[in-house]
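Colleague: need a structure here:
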Amino acid sequence: MQTSKKVAIAVISFLCIIVLVSVLLIEPMVQGGLYYYCDGHYREQTAGTYELLFMGDSDGLAAFSPAVYEQKTGIKSYNLSEEKNKFNSEYYMLEKEIERNPVKEVILQVGVETFVPGWYEDHAECDSVTLMRTPNLPERVGYLCQNVKFDKWLDVYSQMMMRGFLSLERNVLGDKSSNFDSSAKGWHKLESVDYTLTKEKAKKTFNSKSLETEYEQEKTDGFLRVVSLCKEKNVSVCVVVIPMADWYIWEKDNIDEAMQPFYKLCEDNNIPYFDFNLYKGKYEHFNDKSSFKDSIHLSAEGAEAFTGLFAKLYPDIISGKAKKDFCFESYNKLKEESPYYIYK
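Modeller: Below you'll find the predicted structure:
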């Protein structure tokens, strides 16, 4: 009996220590904005001001600069994109912000891997990010219970603990570069990396890899559910594929096949969309030397160029003029205009 009591005390003490350590690592990060995702308090304070919302995964997070968009259009916007975004999180975040802001338009970013298997079968990165953006503890618990399978809870917890530790370590050492920056309005700045292909590399990699092309019904259903939410709230919705690095497109042999189901999905459901990779002026605005961080993430330089271009083309995108008059008919045709085509 005495042994059982000691074991119980030991277990309870251990759990209390775990809870205490968790609170000390996670709460300062969430409440103090010690990680660039931790914008919950700021969004509460500025609620009622945003007319346009950008939403997507990390591609959109790096691509849409609300500050540049406001400078070009005068429209106040916010970037709600998240890491490895999932449509249940997307729905949750959009519903919350649409309810408390005069939102008129939502821009949804999708990519070549958004609807295929493996895109967000992850370790709950997206759900942990959503919780990091939610400073209210009961609301966090509610989201966890309603949107995350129980067998993923430990993944969510470990992700938040890891980020909490990293944010604490960086701030103790005086590095505040990863902290939330209110002036960015949700946008995440990335440095440029030069990925320009040499002649030998271009010859070797041309059409050397393939993309998954089979869409999962659960993901297309989730996408349509988000679109339906916007329409129910009388919010215009437009879907955008942001520019990808030319070297990445150059090495893929079936992007047209991979993207056709997406185009058809939008057309069948009367959803305006635009693929910036097919824009005829792409090479005037983006290059592999300085526009990208990697294959699908724009650098700060690329994001500024892209957001400005998007602001300029947006009226024509909505009307359908941009797709009709300003685009190549296929990725194969785009490759013929690539700077690497002379090496083919």
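
Colleague: can you tell me the closest non-neighbouring residue to residue 323?
Modeller: Nearest residue to residue 323, sequence neighbours excluded (CB to CB, 6 or more residues apart in numbering): residue 274, at 6.0 Å. C-betas here are computed from N, CA, C, even on glycine.

Colleague: what helix or strand does the one you found sit in?
Modeller: Assessed by DSSP states H and E, residue 274 sits inside strand 273-275.

Colleague: I'd like to know which elements that strand is packed against.
Modeller: If contacts are counted by 3 or more CB pairs under 8 Å, 6 or more residues apart in numbering; DSSP states H and E, strand 273-275 sits against strand 236-241, helix 255-268, helix 321-325.

Colleague: how about these in TSV, adding mean neighbour count, mean pLDDT and distance to residue 212?
Modeller: Shown next, in TSV, are the helices and strands packed on strand 273-275 (neighbours: other CB atoms under 10 Å; pLDDT from 0 to 100; distance: least, CB to CB, whole Å):
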stretch	mean neighbour count	mean pLDDT	distance to residue 212
strand 236-241	20	97	16
helix 255-268	16	95	7
helix 321-325	13	87	25
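
Colleague: need the ones you listed in JSON lines with distance to residue 159, can you?
Modeller: Putting the helices and strands packed on strand 273-275 into JSON lines (distance: least, CB to CB, whole Å) gives the following:
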{"stretch": "strand 236-241", "distance to residue 159": "28"}
{"stretch": "helix 255-268", "distance to residue 159": "29"}
{"stretch": "helix 321-325", "distance to residue 159": "38"}
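
Colleague: so residue 97 touches residue 78, yeah?
Modeller: Yes: between residue 97 and residue 78 there is a contact under CB atoms under 8 Å: 7.1 Å.

Colleague: now do the shared contacts for these two.
Modeller: Shared contacts of residue 97 and residue 78, defined by CB atoms under 8 Å, 6 or more residues apart in numbering, comprise 43, 50, 53.

Colleague: secondary structure, distance to residue 33 and neighbour count added to these, as JSON lines?
Modeller: Formatted as JSON lines, the shared contacts of residue 97 and residue 78 follow (DSSP: H, G, I helix; E, B strand; the rest coil; distance: CB to CB, whole Å; neighbours: other CB atoms under 10 Å):
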{"residue": "43", "secondary structure": "helix", "distance to residue 33": "11", "neighbour count": "23"}
{"residue": "50", "secondary structure": "coil", "distance to residue 33": "18", "neighbour count": "22"}
{"residue": "53", "secondary structure": "strand", "distance to residue 33": "20", "neighbour count": "27"}
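
Colleague: as a markdown table, the residues you listed with pLDDT would be great.
Modeller: Formatted as a markdown table, the shared contacts of residue 97 and residue 78 follow (pLDDT from 0 to 100):
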| residue | pLDDT |
| --- | --- |
| 43 | 97 |
| 50 | 98 |
| 53 | 98 |
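
Colleague: return the closest of the residues you listed with respect to residue 37.
Modeller: The shortest approach to residue 37 among those belongs to residue 43, at 11.3 Å (CB to CB).

Colleague: isn't the closest one right next to residue 99, touching?
Modeller: No: shown here, residue 43 and residue 99 do not form a contact pair, counting by CB under 8 Å, at 12.0 Å.

Colleague: returning to that earlier point: compare the helices and strands packed on strand 273-275 and report which one is nearest to residue 68.
Modeller: Of all these, it is strand 236-241 that lies closest to residue 68, at 15.0 Å by CB to CB.

Colleague: by contact count, what packs against the next helix or strand after that closest one?
Modeller: As assigned by DSSP H and E, the chain's next helix or strand after strand 236-241 is helix 246-251. The contact analysis (3+ CB pairs under 8 Å, 6+ apart) places helix 246-251 against helix 199-205, helix 331-336.

Colleague: look at residue 302 and give its secondary structure.
Modeller: At residue 302, secondary structure determined by DSSP: H, G, I helix; E, B strand; the rest coil is helix.

Colleague: so what's the residue lying closest to it once chain neighbours are set aside up against?
Modeller: Excluding its sequence neighbours, the residue lying closest to residue 302 (CB to CB, 6+ apart) is residue 291, at 3.5 Å. Residue 291 makes contact with 192, 243, 245, 285, 298, 299, 301, 302, 305, according to CB under 8 Å, 6+ apart.

Colleague: what strand or helix carries the last one?
Modeller: Okay, so that is residue 305. Applying DSSP H and E as the criterion places residue 305 in helix 300-319.

Colleague: which parts of that helix are buried?
Modeller: For helix 300-319, burial by neighbour count (16 or more other CB atoms under 10 Å) applies to 300-311, 313-314, 317.

Colleague: again, but for stretch 178-192
Modeller: For stretch 178-192, burial by neighbour count (16+ other CB under 10 Å) applies to 178, 179, 180, 181, 184, 185, 186, 187, 188, 189, 190, 192.

Colleague: cool, stretch 93-105 as well?
Modeller: If you call a residue buried by 16+ other CB under 10 Å, then stretch 93-105 has these buried ones: 93, 94, 96, 97, 98, 101, 103, 105.

Colleague: out of those, which is nearest to residue 73?
Modeller: residue 105 (10.7 Å).

Colleague: hmm, the closest one is touching residue 234, no?
Modeller: No: taking contacts as CB under 8 Å, residue 105 lies outside contact range of residue 234: 10.8 Å.
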